[in-house]
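J.: 3D, please:
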Amino acid sequence: MKNLFNRRNAIILAAFLFLTSGIHGQQARPDFNRASDFDIQHYVLRVSFDRPTHKVIGDTTVRLKPLNENFRRVTLDSVGISYSSVTLEQGGTPLKFRPQGGSVIVDLDRAYSPNETVGIRFQYSAVPKKGIYFMPEQKGEGMPGHSAQIWTQGEPDEARHWFPSFDFPSDKATTEQFITANRNETVVGNGTLVEKTDNPDGTVTHHFKMDVPHSTYLISFVVGEYAVVKEKYKEIPLGYYVYPGTESVVLKAYGRTGEMIRVFEEFTQVEFPFAKYDQTIVSAFNFGGMENITATTMADTEILLVNNPLFAGGVEDLVSHELAHSWFGNLVTCKNWAELWLNEGFATFMEAAFREKAYGRRNYIVKILSDAEEFKIDDAVNTKRNGLFNRNAGNVSALFERAATTYDKGGVVLHMLREQVGDAAFWRAVNIYLNRHKFGSVESTDLRKAMEEASGQDLGWFFNQWVYGLGSPKVTVKQAYNPGSKTLTLTVSQTQKLDRLTPPAFRLPLDVEVHSGRNVSAEKIELRKRVETFRIKVASRPTKLVFDKDEKIPLKMVKILPLAK
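T.: Take a look at the predicted model:
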(Lines give C-alpha, C1' and ligand atoms only; values in the text may rest on other atoms or scores of the structure.)
Protein backbone atom coordinates (compact mmCIF):
# COMPACT_ATOMS: atom_id res chain seq x y z
CA MET A 1 0.00 0.00 0.00
CA LYS A 2 1.24 3.46 -0.76
CA ASN A 3 0.04 7.02 -0.36
CA LEU A 4 1.78 8.77 -3.20
CA PHE A 5 1.26 12.50 -2.93
CA ASN A 6 -0.11 12.86 0.60
CA ARG A 7 2.67 10.95 2.32
CA ARG A 8 4.51 14.09 3.38
CA ASN A 9 1.58 14.98 5.59
CA ALA A 10 2.75 12.19 7.87
CA ILE A 11 5.58 14.50 8.95
CA ILE A 12 3.22 16.50 11.15
CA LEU A 13 1.37 13.54 12.65
CA ALA A 14 2.14 12.32 16.19
CA ALA A 15 3.25 8.77 16.91
CA PHE A 16 2.91 6.94 20.19
CA LEU A 17 5.17 6.50 23.23
CA PHE A 18 7.69 3.67 23.39
CA LEU A 19 7.07 1.26 26.21
CA THR A 20 10.38 -0.63 26.10
CA SER A 21 14.04 0.28 26.24
CA GLY A 22 17.34 -0.94 24.83
CA ILE A 23 18.21 -2.00 21.31
CA HIS A 24 20.25 -5.13 21.95
CA GLY A 25 18.95 -8.66 22.33
CA GLN A 26 15.61 -10.36 21.80
CA GLN A 27 14.27 -9.13 25.16
CA ALA A 28 14.11 -5.59 23.74
CA ARG A 29 11.49 -6.58 21.17
CA PRO A 30 7.90 -7.20 22.32
CA ASP A 31 6.00 -10.09 20.74
CA PHE A 32 3.21 -8.83 18.48
CA ASN A 33 2.30 -12.26 17.10
CA ARG A 34 -1.26 -13.47 17.57
CA ALA A 35 -1.91 -16.98 18.88
CA SER A 36 -4.69 -19.17 17.50
CA ASP A 37 -5.88 -22.72 18.13
CA PHE A 38 -6.96 -23.27 14.51
CA ASP A 39 -5.69 -22.70 10.99
CA ILE A 40 -8.15 -21.42 8.39
CA GLN A 41 -7.84 -23.29 5.11
CA HIS A 42 -10.44 -21.66 2.87
CA TYR A 43 -13.05 -18.90 2.74
CA VAL A 44 -16.12 -19.00 0.46
CA LEU A 45 -17.55 -15.47 0.29
CA ARG A 46 -21.00 -14.82 -1.20
CA VAL A 47 -21.94 -11.15 -1.27
CA SER A 48 -24.80 -9.06 -2.64
CA PHE A 49 -25.92 -5.52 -1.84
CA ASP A 50 -28.89 -3.39 -0.84
CA ARG A 51 -27.47 -0.21 -2.32
CA PRO A 52 -29.87 2.45 -1.00
CA THR A 53 -29.06 1.42 2.59
CA HIS A 54 -25.42 0.46 1.91
CA LYS A 55 -26.22 -2.96 3.30
CA VAL A 56 -24.14 -6.03 2.55
CA ILE A 57 -25.90 -9.38 2.46
CA GLY A 58 -23.31 -12.03 3.20
CA ASP A 59 -23.06 -15.80 3.17
CA THR A 60 -19.58 -16.91 4.20
CA THR A 61 -18.22 -20.40 4.78
CA VAL A 62 -15.05 -20.73 6.82
CA ARG A 63 -13.17 -24.03 6.61
CA LEU A 64 -10.51 -24.58 9.26
CA LYS A 65 -8.37 -27.24 10.89
CA PRO A 66 -7.98 -27.45 14.66
CA LEU A 67 -4.44 -27.25 16.01
CA ASN A 68 -5.27 -29.06 19.26
CA GLU A 69 -7.29 -32.07 20.37
CA ASN A 70 -10.75 -31.63 21.86
CA PHE A 71 -11.42 -28.53 19.76
CA ARG A 72 -14.93 -27.26 20.54
CA ARG A 73 -15.09 -23.49 20.09
CA VAL A 74 -14.19 -21.04 17.31
CA THR A 75 -13.64 -17.32 17.86
CA LEU A 76 -13.49 -15.15 14.75
CA ASP A 77 -13.08 -11.40 14.23
CA SER A 78 -16.43 -9.77 13.51
CA VAL A 79 -17.48 -6.11 13.86
CA GLY A 80 -21.00 -4.78 13.24
CA ILE A 81 -22.25 -7.98 11.57
CA SER A 82 -25.79 -9.22 12.28
CA TYR A 83 -26.04 -13.01 11.93
CA SER A 84 -29.26 -14.74 10.94
CA SER A 85 -27.84 -18.28 11.14
CA VAL A 86 -24.63 -20.17 11.85
CA THR A 87 -24.52 -23.81 10.78
CA LEU A 88 -22.17 -26.63 9.92
CA GLU A 89 -21.34 -26.60 6.24
CA GLN A 90 -21.97 -30.33 5.98
CA GLY A 91 -25.51 -31.23 6.97
CA GLY A 92 -26.60 -27.75 8.06
CA THR A 93 -26.64 -28.49 11.80
CA PRO A 94 -27.43 -25.23 13.65
CA LEU A 95 -24.64 -24.04 15.95
CA LYS A 96 -24.84 -21.85 19.03
CA PHE A 97 -23.11 -18.50 18.57
CA ARG A 98 -22.81 -15.14 20.25
CA PRO A 99 -21.28 -11.83 19.23
CA GLN A 100 -18.90 -10.54 21.88
CA GLY A 101 -16.90 -7.35 21.54
CA GLY A 102 -15.22 -7.48 18.15
CA SER A 103 -15.74 -11.23 17.75
CA VAL A 104 -18.27 -13.92 17.03
CA ILE A 105 -17.92 -17.04 19.20
CA VAL A 106 -19.25 -20.33 17.85
CA ASP A 107 -19.76 -23.50 19.90
CA LEU A 108 -19.30 -26.59 17.74
CA ASP A 109 -21.59 -29.64 17.83
CA ARG A 110 -18.80 -31.86 19.20
CA ALA A 111 -15.08 -32.04 19.84
CA TYR A 112 -12.85 -32.08 16.75
CA SER A 113 -9.23 -33.19 16.29
CA PRO A 114 -6.38 -31.80 14.15
CA ASN A 115 -6.91 -34.40 11.42
CA GLU A 116 -10.43 -33.08 10.72
CA THR A 117 -11.64 -30.07 8.77
CA VAL A 118 -14.50 -28.02 10.18
CA GLY A 119 -16.71 -25.99 7.85
CA ILE A 120 -18.90 -23.27 9.37
CA ARG A 121 -21.46 -21.34 7.32
CA PHE A 122 -22.43 -17.83 8.40
CA GLN A 123 -25.45 -16.02 6.94
CA TYR A 124 -25.69 -12.35 7.86
CA SER A 125 -26.07 -8.72 6.92
CA ALA A 126 -24.05 -5.63 7.76
CA VAL A 127 -23.84 -1.92 7.09
CA PRO A 128 -20.05 -1.71 7.30
CA LYS A 129 -18.37 1.39 8.70
CA LYS A 130 -15.13 0.07 7.22
CA GLY A 131 -14.06 -2.65 4.81
CA ILE A 132 -16.66 -2.04 2.07
CA TYR A 133 -17.24 1.45 0.67
CA PHE A 134 -20.18 2.64 -1.47
CA MET A 135 -19.32 5.53 -3.80
CA PRO A 136 -22.02 7.56 -5.60
CA GLU A 137 -22.04 8.25 -9.30
CA GLN A 138 -20.04 11.34 -10.29
CA LYS A 139 -20.87 13.37 -13.37
CA GLY A 140 -17.40 14.77 -13.93
CA GLU A 141 -16.76 18.18 -12.42
CA GLY A 142 -13.04 18.72 -12.85
CA MET A 143 -12.46 14.96 -12.94
CA PRO A 144 -13.69 12.33 -15.41
CA GLY A 145 -17.11 11.06 -14.40
CA HIS A 146 -17.69 7.55 -13.12
CA SER A 147 -20.55 5.24 -12.24
CA ALA A 148 -21.54 4.29 -8.72
CA GLN A 149 -18.90 2.02 -7.20
CA ILE A 150 -18.53 -0.51 -4.43
CA TRP A 151 -15.00 -1.41 -3.36
CA THR A 152 -13.16 -2.94 -0.46
CA GLN A 153 -10.14 -1.98 1.64
CA GLY A 154 -8.76 -4.65 3.96
CA GLU A 155 -5.43 -3.46 5.34
CA PRO A 156 -4.78 -3.53 8.18
CA ASP A 157 -7.90 -5.00 9.83
CA GLU A 158 -11.04 -3.98 7.94
CA ALA A 159 -12.07 -7.40 6.58
CA ARG A 160 -13.80 -8.17 9.89
CA HIS A 161 -16.39 -5.49 9.10
CA TRP A 162 -17.90 -7.51 6.23
CA PHE A 163 -17.11 -11.17 6.85
CA PRO A 164 -16.14 -13.28 9.89
CA SER A 165 -12.43 -14.08 9.70
CA PHE A 166 -9.13 -14.44 11.47
CA ASP A 167 -8.19 -10.91 10.49
CA PHE A 168 -4.43 -10.92 11.04
CA PRO A 169 -1.60 -11.18 8.48
CA SER A 170 -0.07 -14.42 9.79
CA ASP A 171 -3.07 -16.58 8.83
CA LYS A 172 -3.25 -17.49 5.15
CA ALA A 173 -6.04 -19.27 3.32
CA THR A 174 -7.33 -19.83 -0.20
CA THR A 175 -10.53 -18.04 -1.21
CA GLU A 176 -13.54 -18.08 -3.48
CA GLN A 177 -15.78 -15.10 -4.09
CA PHE A 178 -19.32 -15.00 -5.48
CA ILE A 179 -20.05 -11.29 -6.04
CA THR A 180 -23.53 -10.37 -7.29
CA ALA A 181 -23.76 -7.08 -9.21
CA ASN A 182 -25.93 -5.37 -11.81
CA ARG A 183 -25.81 -6.68 -15.35
CA ASN A 184 -24.07 -3.58 -16.76
CA GLU A 185 -21.30 -3.60 -14.11
CA THR A 186 -17.79 -4.97 -14.12
CA VAL A 187 -16.57 -6.93 -11.10
CA VAL A 188 -12.86 -7.28 -10.36
CA GLY A 189 -11.92 -9.90 -7.76
CA ASN A 190 -8.98 -11.94 -6.57
CA GLY A 191 -7.72 -14.78 -8.72
CA THR A 192 -9.31 -16.36 -11.76
CA LEU A 193 -12.83 -15.56 -12.96
CA VAL A 194 -14.36 -19.04 -13.06
CA GLU A 195 -17.80 -18.15 -14.39
CA LYS A 196 -20.56 -15.56 -14.53
CA THR A 197 -24.14 -16.63 -13.79
CA ASP A 198 -27.22 -14.66 -14.85
CA ASN A 199 -29.86 -14.43 -12.13
CA PRO A 200 -33.67 -14.14 -12.63
CA ASP A 201 -33.70 -10.64 -11.08
CA GLY A 202 -31.37 -9.29 -13.77
CA THR A 203 -28.21 -9.37 -11.66
CA VAL A 204 -25.08 -11.37 -12.46
CA THR A 205 -22.99 -13.39 -10.00
CA HIS A 206 -19.25 -13.40 -10.66
CA HIS A 207 -17.32 -16.38 -9.29
CA PHE A 208 -13.59 -15.84 -8.60
CA LYS A 209 -11.18 -18.44 -7.26
CA MET A 210 -7.82 -17.76 -5.61
CA ASP A 211 -6.09 -21.11 -5.22
CA VAL A 212 -2.92 -20.07 -3.38
CA PRO A 213 -3.04 -19.06 0.29
CA HIS A 214 -2.95 -15.38 1.18
CA SER A 215 -3.62 -13.09 4.13
CA THR A 216 -7.13 -11.86 4.88
CA TYR A 217 -6.30 -8.18 4.38
CA LEU A 218 -5.59 -8.86 0.68
CA ILE A 219 -9.13 -10.09 -0.10
CA SER A 220 -10.90 -7.55 -2.29
CA PHE A 221 -13.39 -6.71 -4.99
CA VAL A 222 -14.41 -3.67 -7.05
CA VAL A 223 -17.85 -3.20 -8.62
CA GLY A 224 -18.63 -0.47 -11.16
CA GLU A 225 -18.87 0.40 -14.84
CA TYR A 226 -15.40 0.19 -16.38
CA ALA A 227 -13.56 0.07 -19.66
CA VAL A 228 -10.89 -2.61 -19.64
CA VAL A 229 -7.66 -2.74 -21.61
CA LYS A 230 -6.03 -6.16 -21.66
CA GLU A 231 -2.61 -7.52 -22.56
CA LYS A 232 -0.31 -10.33 -21.46
CA TYR A 233 3.12 -10.76 -19.95
CA LYS A 234 4.20 -14.21 -21.12
CA GLU A 235 0.99 -16.15 -20.32
CA ILE A 236 -0.09 -13.90 -17.44
CA PRO A 237 -3.19 -11.82 -18.24
CA LEU A 238 -2.82 -8.14 -17.36
CA GLY A 239 -5.99 -6.05 -17.00
CA TYR A 240 -6.28 -2.27 -16.64
CA TYR A 241 -9.71 -1.07 -15.49
CA VAL A 242 -10.38 2.63 -16.02
CA TYR A 243 -13.42 4.84 -16.50
CA PRO A 244 -15.02 4.79 -19.96
CA GLY A 245 -13.50 7.61 -21.97
CA THR A 246 -10.18 7.58 -20.10
CA GLU A 247 -8.59 4.62 -21.90
CA SER A 248 -5.77 6.85 -23.15
CA VAL A 249 -4.37 6.96 -19.62
CA VAL A 250 -3.60 3.24 -19.67
CA LEU A 251 -0.47 3.41 -21.82
CA LYS A 252 0.91 6.36 -19.86
CA ALA A 253 0.22 4.97 -16.38
CA TYR A 254 0.38 1.21 -16.86
CA GLY A 255 2.26 0.72 -20.11
CA ARG A 256 5.46 -0.51 -18.39
CA THR A 257 3.77 -3.11 -16.17
CA GLY A 258 5.05 -6.04 -18.21
CA GLU A 259 8.56 -4.59 -18.22
CA MET A 260 8.37 -4.13 -14.44
CA ILE A 261 7.41 -7.77 -13.96
CA ARG A 262 10.36 -8.86 -16.11
CA VAL A 263 12.77 -6.63 -14.14
CA PHE A 264 11.52 -7.88 -10.77
CA GLU A 265 11.80 -11.47 -11.97
CA GLU A 266 15.39 -10.81 -13.05
CA PHE A 267 16.34 -9.20 -9.73
CA THR A 268 14.70 -11.81 -7.50
CA GLN A 269 15.03 -14.86 -9.77
CA VAL A 270 11.47 -15.67 -8.71
CA GLU A 271 8.78 -15.67 -11.39
CA PHE A 272 5.63 -13.62 -10.94
CA PRO A 273 3.80 -15.85 -8.48
CA PHE A 274 0.15 -15.51 -9.48
CA ALA A 275 -2.17 -16.33 -12.39
CA LYS A 276 -3.14 -12.75 -13.32
CA TYR A 277 -2.56 -9.11 -12.45
CA ASP A 278 -5.31 -6.47 -12.59
CA GLN A 279 -5.09 -2.76 -11.76
CA THR A 280 -8.31 -0.84 -11.13
CA ILE A 281 -8.95 2.84 -10.37
CA VAL A 282 -11.63 3.83 -7.85
CA SER A 283 -13.03 7.04 -6.41
CA ALA A 284 -12.23 8.50 -2.95
CA PHE A 285 -9.60 5.87 -2.14
CA ASN A 286 -7.72 6.69 1.05
CA PHE A 287 -4.35 5.59 -0.28
CA GLY A 288 -2.49 5.89 -3.56
CA GLY A 289 -2.78 2.17 -4.10
CA MET A 290 -3.41 -1.13 -2.34
CA GLU A 291 -1.80 -4.40 -3.39
CA ASN A 292 -4.90 -6.60 -3.14
CA ILE A 293 -3.71 -9.98 -4.35
CA THR A 294 -3.78 -10.23 -8.19
CA ALA A 295 -6.07 -7.14 -8.22
CA THR A 296 -4.41 -3.90 -7.14
CA THR A 297 -6.79 -1.03 -6.34
CA MET A 298 -5.63 2.53 -7.06
CA ALA A 299 -6.94 6.03 -6.42
CA ASP A 300 -8.25 7.65 -9.60
CA THR A 301 -6.87 11.00 -8.42
CA GLU A 302 -3.36 9.51 -8.41
CA ILE A 303 -3.42 7.61 -11.71
CA LEU A 304 -5.12 10.35 -13.72
CA LEU A 305 -2.32 12.74 -12.69
CA VAL A 306 -0.08 10.89 -15.12
CA ASN A 307 -1.25 13.40 -17.74
CA ASN A 308 0.70 16.07 -15.83
CA PRO A 309 4.45 15.71 -16.55
CA LEU A 310 5.25 16.87 -13.01
CA PHE A 311 3.60 13.77 -11.58
CA ALA A 312 4.20 11.13 -14.24
CA GLY A 313 7.33 9.81 -12.53
CA GLY A 314 5.48 9.47 -9.23
CA VAL A 315 2.72 7.49 -10.93
CA GLU A 316 5.33 5.12 -12.33
CA ASP A 317 6.76 4.67 -8.81
CA LEU A 318 3.26 3.93 -7.51
CA VAL A 319 2.65 1.27 -10.17
CA SER A 320 6.01 -0.40 -9.53
CA HIS A 321 5.51 -0.20 -5.73
CA GLU A 322 2.17 -2.01 -5.80
CA LEU A 323 3.44 -4.58 -8.30
CA ALA A 324 6.49 -5.28 -6.11
CA HIS A 325 4.12 -6.31 -3.33
CA SER A 326 3.29 -9.38 -5.41
CA TRP A 327 6.63 -10.70 -4.15
CA PHE A 328 7.07 -8.64 -0.97
CA GLY A 329 3.81 -8.67 0.97
CA ASN A 330 1.60 -11.06 -0.98
CA LEU A 331 3.88 -14.03 -1.71
CA VAL A 332 5.87 -13.47 1.50
CA THR A 333 4.00 -11.50 4.17
CA CYS A 334 4.93 -9.79 7.42
CA LYS A 335 4.00 -12.11 10.27
CA ASN A 336 2.63 -9.26 12.38
CA TRP A 337 2.12 -5.53 12.00
CA ALA A 338 5.32 -4.66 13.87
CA GLU A 339 7.14 -6.12 10.84
CA LEU A 340 5.17 -4.13 8.25
CA TRP A 341 8.43 -2.62 6.95
CA LEU A 342 9.22 -5.99 5.36
CA ASN A 343 6.25 -5.37 3.04
CA GLU A 344 6.47 -1.62 2.56
CA GLY A 345 10.22 -1.07 2.81
CA PHE A 346 10.86 -3.71 0.17
CA ALA A 347 8.17 -2.30 -2.15
CA THR A 348 9.69 1.18 -1.76
CA PHE A 349 13.19 -0.16 -2.43
CA MET A 350 11.94 -1.96 -5.55
CA GLU A 351 10.69 1.38 -6.90
CA ALA A 352 14.32 2.48 -6.90
CA ALA A 353 15.51 -0.88 -8.23
CA PHE A 354 13.22 -0.54 -11.25
CA ARG A 355 14.51 2.99 -11.83
CA GLU A 356 18.06 1.66 -11.74
CA LYS A 357 17.27 -0.88 -14.46
CA ALA A 358 15.23 1.51 -16.57
CA TYR A 359 17.19 4.75 -16.20
CA GLY A 360 20.57 3.96 -14.68
CA ARG A 361 22.36 4.04 -11.34
CA ARG A 362 22.19 7.80 -10.87
CA ASN A 363 18.39 7.77 -11.04
CA TYR A 364 18.37 4.97 -8.46
CA ILE A 365 20.58 7.01 -6.12
CA VAL A 366 18.39 10.10 -6.55
CA LYS A 367 15.36 8.07 -5.42
CA ILE A 368 17.24 6.60 -2.43
CA LEU A 369 18.48 10.06 -1.39
CA SER A 370 14.99 11.52 -1.70
CA ASP A 371 13.57 8.80 0.53
CA ALA A 372 16.42 9.27 3.04
CA GLU A 373 15.76 13.01 3.17
CA GLU A 374 12.05 12.49 3.71
CA PHE A 375 12.75 10.19 6.65
CA LYS A 376 15.29 12.56 8.20
CA ILE A 377 12.87 15.50 8.00
CA ASP A 378 10.12 13.44 9.58
CA ASP A 379 12.45 12.11 12.27
CA ALA A 380 13.57 15.63 13.14
CA VAL A 381 10.06 16.98 13.83
CA ASN A 382 8.58 13.92 15.55
CA THR A 383 9.71 13.49 19.13
CA LYS A 384 7.80 10.22 19.60
CA ARG A 385 9.10 7.76 17.07
CA ASN A 386 9.30 4.09 16.16
CA GLY A 387 11.93 1.96 14.48
CA LEU A 388 11.44 -0.21 11.43
CA PHE A 389 10.40 -2.88 13.91
CA ASN A 390 7.42 -0.94 15.21
CA ARG A 391 6.99 -1.19 18.96
CA ASN A 392 3.79 0.85 18.60
CA ALA A 393 2.15 -1.75 16.35
CA GLY A 394 -0.39 -2.64 19.01
CA ASN A 395 -2.15 0.57 17.96
CA VAL A 396 -3.17 -0.79 14.56
CA SER A 397 -5.09 2.35 13.60
CA ALA A 398 -1.84 4.37 13.69
CA LEU A 399 0.25 2.00 11.55
CA PHE A 400 0.41 4.28 8.53
CA GLU A 401 0.85 7.57 10.36
CA ARG A 402 4.65 7.22 10.32
CA ALA A 403 5.01 6.22 6.69
CA ALA A 404 8.37 7.97 6.43
CA THR A 405 9.82 5.30 8.73
CA THR A 406 8.05 2.21 7.43
CA TYR A 407 8.35 3.14 3.74
CA ASP A 408 11.21 5.59 3.22
CA LYS A 409 13.61 4.47 5.92
CA GLY A 410 12.72 0.86 5.11
CA GLY A 411 13.71 1.28 1.47
CA VAL A 412 16.92 3.13 2.33
CA VAL A 413 17.96 0.52 4.91
CA LEU A 414 17.59 -2.18 2.25
CA HIS A 415 19.84 -0.10 -0.01
CA MET A 416 22.40 0.11 2.82
CA LEU A 417 22.12 -3.63 3.40
CA ARG A 418 22.78 -4.16 -0.31
CA GLU A 419 25.91 -2.01 -0.03
CA GLN A 420 27.03 -3.79 3.14
CA VAL A 421 26.87 -7.35 1.78
CA GLY A 422 27.50 -6.60 -1.91
CA ASP A 423 25.18 -6.73 -4.88
CA ALA A 424 25.49 -10.45 -5.70
CA ALA A 425 25.04 -11.59 -2.10
CA PHE A 426 22.09 -9.23 -1.60
CA TRP A 427 20.06 -10.55 -4.50
CA ARG A 428 21.03 -14.15 -3.71
CA ALA A 429 19.72 -13.55 -0.18
CA VAL A 430 16.49 -12.06 -1.53
CA ASN A 431 15.99 -15.20 -3.59
CA ILE A 432 16.63 -17.41 -0.54
CA TYR A 433 14.23 -15.30 1.54
CA LEU A 434 11.41 -15.48 -1.02
CA ASN A 435 11.76 -19.18 -1.77
CA ARG A 436 12.22 -20.26 1.83
CA HIS A 437 9.09 -18.41 3.00
CA LYS A 438 6.92 -18.70 -0.14
CA PHE A 439 3.22 -18.34 0.73
CA GLY A 440 4.27 -17.94 4.37
CA SER A 441 4.95 -15.24 6.95
CA VAL A 442 8.21 -13.57 7.95
CA GLU A 443 9.92 -11.53 10.64
CA SER A 444 13.05 -9.39 10.39
CA THR A 445 15.10 -12.29 11.77
CA ASP A 446 14.20 -14.29 8.65
CA LEU A 447 15.63 -11.60 6.40
CA ARG A 448 18.75 -11.38 8.54
CA LYS A 449 19.31 -15.16 8.33
CA ALA A 450 19.04 -15.10 4.53
CA MET A 451 21.45 -12.16 4.27
CA GLU A 452 23.96 -13.80 6.60
CA GLU A 453 23.72 -17.08 4.72
CA ALA A 454 24.33 -15.43 1.36
CA SER A 455 27.09 -13.08 2.53
CA GLY A 456 28.87 -14.99 5.27
CA GLN A 457 28.67 -11.86 7.46
CA ASP A 458 27.34 -11.49 10.99
CA LEU A 459 24.72 -8.76 10.59
CA GLY A 460 23.43 -8.57 14.14
CA TRP A 461 24.92 -5.09 14.55
CA PHE A 462 23.29 -3.89 11.33
CA PHE A 463 19.79 -5.06 12.30
CA ASN A 464 20.15 -3.84 15.89
CA GLN A 465 20.91 -0.26 14.88
CA TRP A 466 18.92 0.12 11.68
CA VAL A 467 15.88 -2.15 12.21
CA TYR A 468 15.34 -2.29 15.97
CA GLY A 469 16.93 1.03 16.89
CA LEU A 470 15.78 4.57 16.21
CA GLY A 471 17.09 7.67 14.55
CA SER A 472 20.08 8.24 12.34
CA PRO A 473 23.67 9.39 12.90
CA LYS A 474 24.84 12.99 12.88
CA VAL A 475 28.56 13.29 12.32
CA THR A 476 30.88 16.28 12.77
CA VAL A 477 34.39 16.10 11.30
CA LYS A 478 37.27 18.33 12.46
CA GLN A 479 40.42 18.45 10.32
CA ALA A 480 44.03 19.15 11.29
CA TYR A 481 46.99 18.97 8.87
CA ASN A 482 50.64 18.45 9.84
CA PRO A 483 52.84 19.61 6.91
CA GLY A 484 55.94 18.05 8.44
CA SER A 485 54.56 14.49 8.49
CA LYS A 486 52.06 15.16 5.69
CA THR A 487 49.34 13.74 7.90
CA LEU A 488 45.68 14.67 7.99
CA THR A 489 44.07 14.07 11.38
CA LEU A 490 40.31 13.67 11.46
CA THR A 491 38.44 13.90 14.74
CA VAL A 492 35.00 12.45 14.11
CA SER A 493 32.18 12.98 16.61
CA GLN A 494 28.70 11.48 16.53
CA THR A 495 26.31 14.13 17.84
CA GLN A 496 22.85 12.58 17.44
CA LYS A 497 20.54 13.15 20.38
CA LEU A 498 20.36 10.13 22.62
CA ASP A 499 17.25 8.39 23.84
CA ARG A 500 16.47 4.90 25.04
CA LEU A 501 16.50 3.33 21.57
CA THR A 502 18.99 5.49 19.66
CA PRO A 503 22.56 4.15 19.68
CA PRO A 504 25.08 6.50 21.31
CA ALA A 505 27.36 5.57 18.43
CA PHE A 506 26.32 4.02 15.14
CA ARG A 507 28.66 1.59 13.44
CA LEU A 508 29.41 3.26 10.10
CA PRO A 509 31.79 1.77 7.52
CA LEU A 510 32.65 4.84 5.41
CA ASP A 511 34.70 5.58 2.34
CA VAL A 512 36.67 8.84 2.57
CA GLU A 513 38.25 10.71 -0.32
CA VAL A 514 41.01 13.20 0.40
CA HIS A 515 41.80 15.65 -2.39
CA SER A 516 45.26 17.26 -2.28
CA GLY A 517 45.55 19.36 -5.38
CA ARG A 518 45.42 16.89 -8.27
CA ASN A 519 46.03 13.93 -5.99
CA VAL A 520 43.07 11.95 -4.67
CA SER A 521 43.51 9.25 -2.06
CA ALA A 522 40.76 6.85 -1.00
CA GLU A 523 40.57 5.59 2.56
CA LYS A 524 38.19 3.30 4.42
CA ILE A 525 37.32 4.07 8.01
CA GLU A 526 34.76 2.58 10.35
CA LEU A 527 33.11 4.60 13.07
CA ARG A 528 32.18 2.71 16.22
CA LYS A 529 32.56 5.26 19.03
CA ARG A 530 31.03 8.58 19.95
CA VAL A 531 34.38 10.32 19.30
CA GLU A 532 37.25 8.82 17.26
CA THR A 533 40.47 10.02 15.65
CA PHE A 534 41.86 8.88 12.31
CA ARG A 535 45.21 9.76 10.71
CA ILE A 536 45.65 9.67 6.97
CA LYS A 537 48.86 10.13 4.98
CA VAL A 538 48.41 12.64 2.16
CA ALA A 539 50.57 14.03 -0.66
CA SER A 540 50.14 17.67 0.35
CA ARG A 541 47.78 20.00 2.16
CA PRO A 542 44.21 18.72 1.62
CA THR A 543 41.88 20.88 -0.44
CA LYS A 544 38.71 18.82 -0.21
CA LEU A 545 37.30 16.03 1.92
CA VAL A 546 34.45 13.77 0.73
CA PHE A 547 32.66 11.28 2.98
CA ASP A 548 30.71 8.42 1.38
CA LYS A 549 30.87 9.62 -2.22
CA ASP A 550 28.79 6.68 -3.45
CA GLU A 551 26.04 7.24 -0.84
CA LYS A 552 26.29 3.80 0.69
CA ILE A 553 24.83 5.17 3.96
CA PRO A 554 22.35 7.92 3.01
CA LEU A 555 20.72 8.08 6.45
CA LYS A 556 23.65 9.97 7.95
CA MET A 557 24.20 13.72 8.25
CA VAL A 558 27.85 14.83 7.93
CA LYS A 559 29.20 18.28 8.79
CA ILE A 560 32.83 18.81 7.75
CA LEU A 561 34.49 21.75 9.47
CA PRO A 562 36.99 23.68 7.31
CA LEU A 563 40.67 22.95 7.68
CA ALA A 564 42.39 25.53 9.83
CA LYS A 565 44.81 27.74 7.91
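J.: end-to-end on stretch 320-339?
T.: Stretch 320-339 has its terminal residues 21 Å apart, counting by CA to CA, to the nearest Å.
J.: could you give the mean pLDDT of it?
T.: The average pLDDT for stretch 320-339 rounds to 98.
J.: what do you get for stretch 202-209?
T.: On average, stretch 202-209 scores 98.
J.: and if you look at stretch 411-422?
T.: 98.
J.: buried sites along stretch 91-111?
T.: 95, 97, 103-104, 106, 108 (16 or more other CB atoms under 10 Å). To be clear about C-beta, it is placed using only N, CA and C from the backbone, and glycine gets the same treatment.
J.: I meant stretch 286-301, not that one.
T.: Going by 16+ other CB under 10 Å, stretch 286-301 has these buried residues: 287-301.
J.: Please pull out the lowest mean pLDDT helix or strand from this protein.
T.: helix 403 (a mean of 93; mean pLDDT, DSSP states H and E).
J.: just checking, next helix/strand downstream of that one?
T.: Sequence order places helix 410-421 as the next helix or strand after helix 403, per DSSP states H and E.
J.: which residues touch residue 293?
T.: By CB atoms under 8 Å, 6 or more residues apart in numbering, the residues touching residue 293 are 190-191, 210, 214, 218-220, 274, 326, 330.
J.: Can you flag which of those residues belong to strands?
T.: 210, 214 (DSSP state E).
J.: quick one on the thing from earlier: export the buried residues of stretch 91-111 as TSV, with columns for pLDDT, secondary structure and distance to residue 539.
T.: Shown next, in TSV, are the buried residues of stretch 91-111 (pLDDT from 0 to 100; DSSP: H, G, I helix; E, B strand; the rest coil; distance: CB to CB, whole Å):
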residue	pLDDT	secondary structure	distance to residue 539
95	98	coil	84
97	98	strand	82
103	98	strand	73
104	98	strand	77
106	98	strand	80
108	98	strand	82
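J.: Quickly name whichever of these is closest to residue 81.
T.: Here the nearest of these to residue 81, counting by CB to CB, is residue 104; it sits at 7.1 Å.
J.: what are the bridge partners for the closest one, then?
T.: residue 76, residue 99 (DSSP bridges).
J.: pretty sure it is in contact with residue 163, am I right?
T.: No. At 10.6 Å, residue 104 and residue 163 do not qualify as touching, with contact defined as CB atoms under 8 Å.
J.: returning to that earlier point: ok, the buried residues of stretch 91-111 vs residue 459, which is closest?
T.: residue 103 (40.0 Å).
J.: For the closest residue to the closest one other than its chain neighbours, list the residues it contacts.
T.: The shortest distance from residue 103 to any non-neighbouring residue, by CB to CB, 6 or more residues apart in numbering, is to residue 75 (5.2 Å). Going by CB under 8 Å, 6+ apart, residue 75 touches 103-106.
J.: Over to residue 209?
T.: 175-176, 191-192, 194.
J.: Check the gap between the residue of the chain positioned farthest from its centre and residue 541 for me.
T.: When distances to the mean C-alpha position of the chain are computed (CA atoms, centre = their mean), the maximum falls on residue 484, with 56.3 Å. Counting by CB to CB, to the nearest Å, the gap from residue 484 to residue 541 is 12 Å.
J.: try residue 54
T.: 75 Å.
J.: How many neighbouring residues does residue 3 have?
T.: 20 (other CB atoms under 10 Å).
J.: Does it touch residue 288 like I think?
T.: Yes. The pair residue 3 and residue 288 passes the contact test of CB under 8 Å, sitting 5.0 Å apart.
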